[in-house]
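# sequence unavailable; structure follows:
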């Protein structure tokens with residue numbers, strides 16, 4: 001088969017995926033940018049073109065920057081905890097520190113089965129003021145904690161629930177990554193008498209650096225776009241202490257708690273967040289290239 005025939009086959013197989021990408025990814029982004037330039041609530045048939053007025057308002061909106069701050073804090077802390085905990089658990093299971101490895105794998109993967117919204121609803125009932133946790137806590141300590149109505153506790157709760165939910169998928173990534181380490185390297189470290197700490201520090205982590213970057217990036221991006229757990233647990237409250245970019249956009253676009261819905265304004269906020277994410281990704285890529293250049 002000549003090169004022309006190969007190109008035709010490649011295009012034939014890529015065309016359906018490209019079409020799906022254009023319809024479900026590229027087109028909504030372009031439409032969202034167009035909406036952000038209008039004054040439209042998403043309901044009426046008429047809309048006025050107002051240019052960049054929505055963007056100027058977003059940049060001066062304190063609630064928007066509060067949501068950005070909460071999202072970054074949630075993503076950074078959540079990513080560190082998810083990566084560290086999932087790596088530690090996967091290491092224990094893979095390298096025979098735990099017995100009954102199949103059962104342990106099943107336990108860690110179980111949260112994947114349930115949707116985030118379902119987990120949020122269940123956790124809300126468990127950690128409500130009269131829920132299961134407070135019932136036990138009051139019987140032991142004689143008091144109850146407002147897990148979901150106190151700002152400091154509410155943020156901690158959404159963080160812990162999210163870490164528990166996302167640890168399963170990352171656990172699978174680590175297990176797959178461990179399989180790529182040559183068995184000869186592991187056996188050589190045992191022959192040399194390397195301790196567990198030395199094995200992890202000098203063998204496992206260097207070999208898993210590409211996987212660490214990939215898993216960390218996935219965890220960070222997933223944390224930045226989290227919505228279901230936040231919406232079902234706290235809906236961004238109390239006092240906007242758990243308000244994330246996703247809940248801010250949702251509330252602005254579809255909720256009438258602050259007046260009529262403002263779909264165009266929410267679109268402008270979404271575009272701003274997309275710009276921030278692209279800029280952050282480019283910056284991270286630049287830093288990785290510089291670091292790789294220094295190590296050569």
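Noted; the coordinates are in hand. If you're wondering where the values come from, they're calculated on a predicted model, not measured in any experiment.

# so after the helix-or-strand element of the chain with minimal mean pLDDT, what's the next helix or strand?
Confidence across the helices and strands of the chain bottoms out at helix 101-109, with a mean of 70, counting by mean pLDDT, DSSP states H and E. Sequence-wise, the next helix or strand downstream of helix 101-109 (DSSP states H and E) is helix 116-126.

# what residues sit buried inside the helix or strand following that following helix?
Per DSSP H and E, the first helix or strand lying C-terminal to helix 116-126 is helix 132-141. The neighbour-count check on helix 132-141 (16 or more other Cβ atoms under 10 Å) flags 133-134 as buried. Bear in mind the C-beta positions are built from the backbone N, C-alpha and C, glycine included.

# now stretch 79-94
79, 81-83, 85-87, 89-91, 93-94.

# could you do stretch 36-49 as well?
For stretch 36-49, burial by neighbour count (16+ other Cβ under 10 Å) applies to 36-42.

# can you check stretch 26-33 too?
In stretch 26-33, counting by 16+ other Cβ under 10 Å, buried: residue 32.

# one more: stretch 227-239?
For stretch 227-239, by 16+ other Cβ under 10 Å, it's 227-238.

# thinking again about what came up before, can I get the buried residues of stretch 79-94 in JSON lines including secondary structure?
Shown next, in JSON lines, are the buried residues of stretch 79-94 (DSSP: H, G, I helix; E, B strand; the rest coil):
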{"residue": "79", "secondary structure": "helix"}
{"residue": "81", "secondary structure": "helix"}
{"residue": "82", "secondary structure": "helix"}
{"residue": "83", "secondary structure": "helix"}
{"residue": "85", "secondary structure": "helix"}
{"residue": "86", "secondary structure": "helix"}
{"residue": "87", "secondary structure": "helix"}
{"residue": "89", "secondary structure": "helix"}
{"residue": "90", "secondary structure": "helix"}
{"residue": "91", "secondary structure": "helix"}
{"residue": "93", "secondary structure": "helix"}
{"residue": "94", "secondary structure": "helix"}
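
# which one of the residues you listed sits closest to residue 205?
Residue 205 has its nearest neighbour among these in residue 87, at 8.9 Å by Cβ to Cβ.

# could you check the pLDDT of the closest residue to the closest one other than its chain neighbours?
Among residues not flanking residue 87 along the chain, residue 174 sits closest, at 5.5 Å (Cβ to Cβ, 6 or more residues apart in numbering). Residue 174 is assigned a pLDDT of 88 by the prediction.

# what does residue 259 give?
pLDDT, residue 259: 67.

# orientation of the host helix or strand of residue 152 relative to helix 116-126 in degrees?
Element membership of residue 152 [criterion: DSSP H and E] is helix 151-178. Counting by axes from the mean of the first three to the mean of the last three Cα atoms, to 10 degrees, helix 151-178 lies at 140 degrees to helix 116-126.

# show me what helix 151-178 is packed against.
helix 62-94, helix 101-109, helix 116-126, helix 209-224, helix 228-233 (3 or more Cβ pairs under 8 Å, 6 or more residues apart in numbering; DSSP states H and E).

# tell me which residues in the helix or strand following it are buried?
Downstream of helix 151-178, the next assigned helix or strand under DSSP H and E is helix 183-191. For helix 183-191, the neighbour count (16+ other Cβ under 10 Å) marks 186, 189 as buried.

# now residue 154: how far from residue 219?
21 Å (Cβ to Cβ, to the nearest Å).

# where does pLDDT dip in the chain?
Scanning the chain for pLDDT under 70 picks out the ranges 1-2, 96-101, 104-105, 256-259, 291-296.

# for burial, what's the neighbour tally of residue 273?
Neighbours of residue 273 under the rule other Cβ atoms under 10 Å: 21.

# hmm, I typed the wrong one, I wanted residue 95.
15.

# same question for residue 102.
What residue 102 shows, counting by other Cβ under 10 Å, is a neighbour count of 8.

# residue 157 too?
Residues lying near residue 157 (other Cβ under 10 Å) number 21.

# show the contacting residues for it.
By Cβ atoms under 8 Å, 6 or more residues apart in numbering, residue 157 lies in contact with 123, 127, 147-148, 233-234.

# run the last query once more with 10 Å
123-124, 127, 133, 147-148, 150, 229, 233-234, 242 (Cβ atoms under 10 Å, 6 or more residues apart in numbering).
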